[in-house]
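# All I have is the shape, not the residue letters:
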């Protein structure tokens, strides 16, 4: 069950990245038949499925979730920064200051989780 949850987690991040790529490069051939709805509905579906499975199975996979979050945030930030530095603009306004606030909030929460994980894995010296 843990592998299924992790696969769904990675799928959600991949679909989100596809949505951001579509926003920056809407004229790519792959996006001729894909609308935003075709990408957004699976994101919502998989995110709900992951939340339900994580809640019902009580799987402790904090370490794996932590590393997936770090890698996904790094890819998102790098992609957005590279596109911005190249002068490529977001077509629909999806990439906005609100997105950066969400990314910063996620980074902060991930850092808090890292500190919590480090505290629980470090043996008490007393």
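Here it is on my side, so go on. Quick caveat, the model's predicted, so the values are computed rather than measured.
# chain center to stretch 10-30: distance?
Relative to the mean C-alpha coordinate of its chain, stretch 10-30 is positioned 12 Å out (C-alpha atoms, centre = their mean, to the nearest Å).
# and whichever strand or helix holds residue 63, what other elements does it pack with?
Assigning secondary structure by DSSP states H and E places residue 63 in helix 62-85. If you count contacts as 3 or more C-beta pairs under 8 Å, 6 or more residues apart in numbering; DSSP states H and E, helix 62-85 packs onto helix 2-24, helix 97-121. For glycine as for every other residue, the C-beta is placed from the backbone atoms N, C-alpha and C.
# What average pLDDT does that helix get?
Averaging pLDDT along helix 62-85 yields 78.
# just how off-centre is that helix within its chain?
How far helix 62-85 lies from its chain's middle: 7 Å, per C-alpha atoms, centre = their mean.
# before we move on, back to that, go through the helices and strands packed on helix 62-85 and find the least confident stretch.
helix 97-121 (a mean of 75).
# Show me what that one is packed against.
Other elements packing on helix 97-121 under the criterion 3+ C-beta pairs under 8 Å, 6+ apart are helix 62-85.
# Residues touching the helix it packs on, excluding its own?
2, 6, 9-10, 13, 16-17, 20-21, 24, 95, 99, 103, 106-107, 110, 113-114, 117 (C-beta atoms under 8 Å, 6 or more residues apart in numbering).
# residues of that helix that come out buried?
Within helix 62-85, the residues that count as buried by 16 or more other C-beta atoms under 10 Å are 64-66, 68-69, 72-73, 76, 80, 83.
# same check, this time on stretch 104-124
110, 114.
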